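Trainee: build the 3D model from these lines:
(one chain, ligands or ions: 1)
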Amino acid sequence: AAHAGSGAENLTQLEFLALNSEFNIADGHARQPLTPGQSKIVNDLPLLFEDGEKRPVEQLEREAHAAFFKALGQHRYPSAPGRVLSCYSSSVAMEILSRALASVTDSVALVHPTFDNIADLLRGNRLGLVPLEEDPLHADDLPAELLESVGCVFVTTPNNPTGRVVSAERLRRLAGQCARHGVILALDTSFRGFDTRAQYDHYEILDASDVRWVVIEDTGKLWPTLDLKVGMLVHSENLGLPVEKIYSDILLGVSPLILGMVRRFSEDAAAGGLTELHEFIAAQRSVVRAGLADLSTTGVPDPDSRASVERVLIRHLTGTEVWEALREHHVYALPCRAFYWADPARGDRTLRLALARASAPLAQCVRALRHVLTPR
Ligand SMILES: N=C(N)NC[C@@H](O)CC(=O)C(=O)O
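Mentor: Reported below is the predicted structural model:
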């Protein structure tokens, strides 16, 4: 079990326990206050609803995709019909991909660590997993024998919870290597909105190689829209997997109202909102780091991360012990055992804090964490 104390079997069940607490810094969903520009969009929801009633959904979908990819620098995304499948969430997109992969292969190389539901969705489709450690992944070409043994390489970039980003040059080489070995390259880019280093045009690079590729995009982590979001399954023309058939087994399409919201939030992001968000997250990150800096019992495992989550290294207690102690203060962070889906013990000494939260509750959580970490 991911976490003996609560009976939770995975990270999401731990996040569920936090959902109704004033001090929920467990899940990576966006729960920060709306900016003035975003509040205006929320005030316009009746108009967006009317738009959704009147206009063809394919127009709203095309506009939402165009605005989203433009805001994130993905100018060469495939805009032809059927190439970007809009889903209720990125996990729905992940389930579709997993089912499709299971029809052509029995094993996937998956970045390690990463959010455990990715591993669980792949395993739930009877796929065997080979852990792909971050250092070798980011350093150089992968071993040929690894690529000969799997049907897909799956990389979360920026990674969750470490924030590590695959660079343009590294993506170019990885796509070329996967193409040469006939291996599908899949990326989960759900956190890309937070890190400009993940906003080079991935689609330009993927299309320049003849690799078979899939990218899973997500609007759900970026904007505080009460989990009204779109996950996208984007795929290469030559993918050769039944993703559209499986998509149709699961859904007909997403709400035109949400597509209109995604367009408006994307336009706001492109008009300065994304820079504002980066500054906000950086400020929240510095509150966490400054609040713990003088404690010799803590450390910063991911100094270079810009994702909306921050890992804290704890030297004298396990993440589980800290999680339980914080719970006494009604504060819910996320112990990192289950991110290490192939070797949970490696997650024993870290705890993940969500940064996309209002400032006052986050500062209160840091105070509670200090209290728990300061030996009496
Ligand atoms: N389908 C699932 N399990 N959703 C939870 C996921 O969105 C949370 C997450 O990714 C994070 O907290 O980093």
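
Trainee: kindly provide the distance from whichever residue of the chain sits closest to the ligand to residue 331.
Mentor: Per CB to the nearest ligand atom, residue 28 is where the chain lies closest to the ligand, at 2.9 Å. C-beta coordinates here come from the backbone N, C-alpha and C atoms, glycine included. Separation of residue 28 from residue 331 (CB to CB, to the nearest Å): 16 Å.

Trainee: and if you look at residue 16?
Mentor: 16 Å.

Trainee: do the same with residue 348
Mentor: 20 Å.

Trainee: what is the helix ranked longest in the chain packed up against?
Mentor: When the chain is parsed with DSSP state H, its longest helix is helix 274-292. Under the contact definition 3 or more CB pairs under 8 Å, 6 or more residues apart in numbering; DSSP states H and E, helix 274-292 sits against strand 309-314, helix 359-373.

Trainee: go through the last one and flag the buried ones.
Mentor: To tie it back to what came earlier, the one meant is helix 359-373. By neighbour count on 16 or more other CB atoms under 10 Å, the buried set for helix 359-373 is 361-362, 364-366, 368-369, 372-373.

Trainee: redo these as CSV? Include pLDDT and distance to residue 216.
Mentor: Shown next, in CSV, are the buried residues of helix 359-373 (pLDDT from 0 to 100; distance: CB to CB, whole Å):
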residue, pLDDT, distance to residue 216
361, 97, 30
362, 98, 28
364, 97, 34
365, 98, 29
366, 98, 32
368, 98, 34
369, 98, 32
372, 97, 35
373, 95, 35
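
Trainee: ok, those vs residue 321, which is closest?
Mentor: Using CB to CB, residue 372 is the member of the buried residues of helix 359-373 that lies nearest residue 321, at 8.8 Å.

Trainee: surely the closest one meets residue 325?
Mentor: Yes - judged on CB atoms under 8 Å, residue 372 makes contact with residue 325 at a distance of 4.2 Å.

Trainee: touching both of these two, which residues are there?
Mentor: Residues touching both residue 372 and residue 325 by CB atoms under 8 Å, 6 or more residues apart in numbering: residue 317.

Trainee: just checking: what are the partner strands of whatever helix or strand residue 351 lives in?
Mentor: Using DSSP states H and E, residue 351 falls within strand 350-354. Sheet pairing of strand 350-354 (DSSP bridges) gives strand 309-314 (antiparallel), strand 334-335 (antiparallel).

Trainee: just the ones you listed: most buried one?
Mentor: strand 334-335 (a mean of 28; mean count of other CB atoms under 10 Å).

Trainee: dump the helices and strands packed on helix 274-292 to a markdown table, plus distance to the ligand.
Mentor: Listed next are the helices and strands packed on helix 274-292 as a markdown table, based on distance: least, CB to the nearest ligand atom, whole Å:
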| stretch | distance to the ligand |
| --- | --- |
| strand 309-314 | 6 |
| helix 359-373 | 15 |
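
Trainee: what does stretch 139-154 rub up against?
Mentor: Outside stretch 139-154, the residues that reach it (CB under 8 Å, 6+ apart) are 101, 104-111, 118, 122, 130, 132, 136, 173-174, 177-178, 181, 183-188.

Trainee: ditto for stretch 36-50
Mentor: Here stretch 36-50 has contacts from 34, 223-224, 257, 260-261, 264-265, 268, 271-273, using CB under 8 Å, 6+ apart.

Trainee: go with 7 Å
Mentor: Outside stretch 36-50, the residues that touch it by CB atoms under 7 Å, 6 or more residues apart in numbering are 34, 223, 257, 260-261, 264-265, 268, 273.

Trainee: what subset of these is buried?
Mentor: So, by 16+ other CB under 10 Å, the buried ones in the contacts of stretch 36-50 are 223, 257, 260-261, 264-265, 268, 273.

Trainee: near the ligand, which residues of the protein?
Mentor: Residues of the chain lying close to the ligand (CB under 6 Å from any ligand atom) are 12, 15, 27-28, 91, 115, 117, 160.

Trainee: just those now: which is nearest residue 73?
Mentor: Among the residues of the chain next to the ligand, and counting by CB to CB, the member closest to residue 73 is residue 160, at 20.1 Å.

Trainee: need the contact list for the closest one.
Mentor: Contacts of residue 160 by CB under 7 Å, 6+ apart are 28, 114-115, 191, 307, 309.
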